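Peer 1: Here is my input, please return the structure:
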Amino acid sequence: MTCKNILFSGPPGCGKSTLIERIIQRIETPATGFFTREIREKGQRVGFSINTLDRKQGLLAHKSIKSRYRVGKYGVNLADIDRIAVPSMMPERPDALVVIDEIGKMECFSELFRETLVNVLDSNHRVIGSISLKGDRFIRGIKAREDVLLVHVSQHNRDALARKFHEEYQTNGRCS
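Peer 2: Model prediction:
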């Protein structure tokens, strides 16, 4: 089966984001999209940022955010998801790769994020991203799509996966 959408899943800290970074750094394809990053203060995680490939930055979630949308101790910032992450998922070039790190509970609180994600997956653009290991019906539905290759990542296989997917993209621009 040939697919155009590759989503990596695995436990937190296994290297999904690092794997995606390695793949997109090695391929010669224009890319757009975003990564989420931990925000740490005094060695403690206090939130998450949104960092787009074109260097825009926003706040995904933080302990100090008062929001009705919460994941654990973090309040989720829907405004920055809609204002920063979502536009980064809409490529301006027809040959652009779309990077979405991550498709998780926080991001999926945004209706606009969910709609844009489905539209991008349905488009002619290739998507590479990460998706939470567990999830609600929407996340399970994304994982079950026929045009999605779901790849489990662990600390043991992430380096081999970076080489494999770099070679696949360089050879034919798709995975098999």
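
Peer 1: Give the phi and psi angles for the residue nearest to V46 when sequence neighbours are not counted, as a check.
Peer 2: Once flanking residues are discounted, V46 sits nearest to K63: 5.0 Å by Cβ to Cβ, 6 or more residues apart in numbering. Quick note: C-beta positions are derived from backbone N, CA and C, even for glycine. Phi and psi for K63, reported as degrees, to the nearest 10, are phi -60, psi -30.

Peer 1: again, but for P87
Peer 2: The phi/psi pair for P87 (degrees, to the nearest 10) reads phi -60, psi -30.

Peer 1: Give me the pLDDT for the residue in the chain sticking out farthest from the centre.
Peer 2: The C-alpha centroid of the chain is most remote from K42, which lies 26.7 Å away (Cα atoms, centre = their mean). Note on K42: pLDDT of 95.

Peer 1: Could you shift the numbering so residue one becomes 554, and keep it that way?
Peer 2: In the new count, where the first residue is 554, that last one comes out as K595.

Peer 1: Spit out the contact partners of it.
Peer 2: Applying Cβ atoms under 8 Å, 6 or more residues apart in numbering to K595 gives no contacts.

Peer 1: where does the protein dip in pLDDT?
Peer 2: By pLDDT under 70, the weakly predicted segments of the chain are 554-555, 719, 722-729.

Peer 1: can you give me the strands for it?
Peer 2: 558-562, 584-594, 597-605, 610-615, 623-624, 627-629, 650-656, 680-684, 701-705 (DSSP state E).

Peer 1: got JSON lines for those, with mean neighbour count too?
Peer 2: JSON lines is the format used below for those (neighbours: other Cβ atoms under 10 Å):
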{"stretch": "strand 558-562", "mean neighbour count": "23"}
{"stretch": "strand 584-594", "mean neighbour count": "18"}
{"stretch": "strand 597-605", "mean neighbour count": "18"}
{"stretch": "strand 610-615", "mean neighbour count": "20"}
{"stretch": "strand 623-624", "mean neighbour count": "15"}
{"stretch": "strand 627-629", "mean neighbour count": "22"}
{"stretch": "strand 650-656", "mean neighbour count": "24"}
{"stretch": "strand 680-684", "mean neighbour count": "25"}
{"stretch": "strand 701-705", "mean neighbour count": "17"}
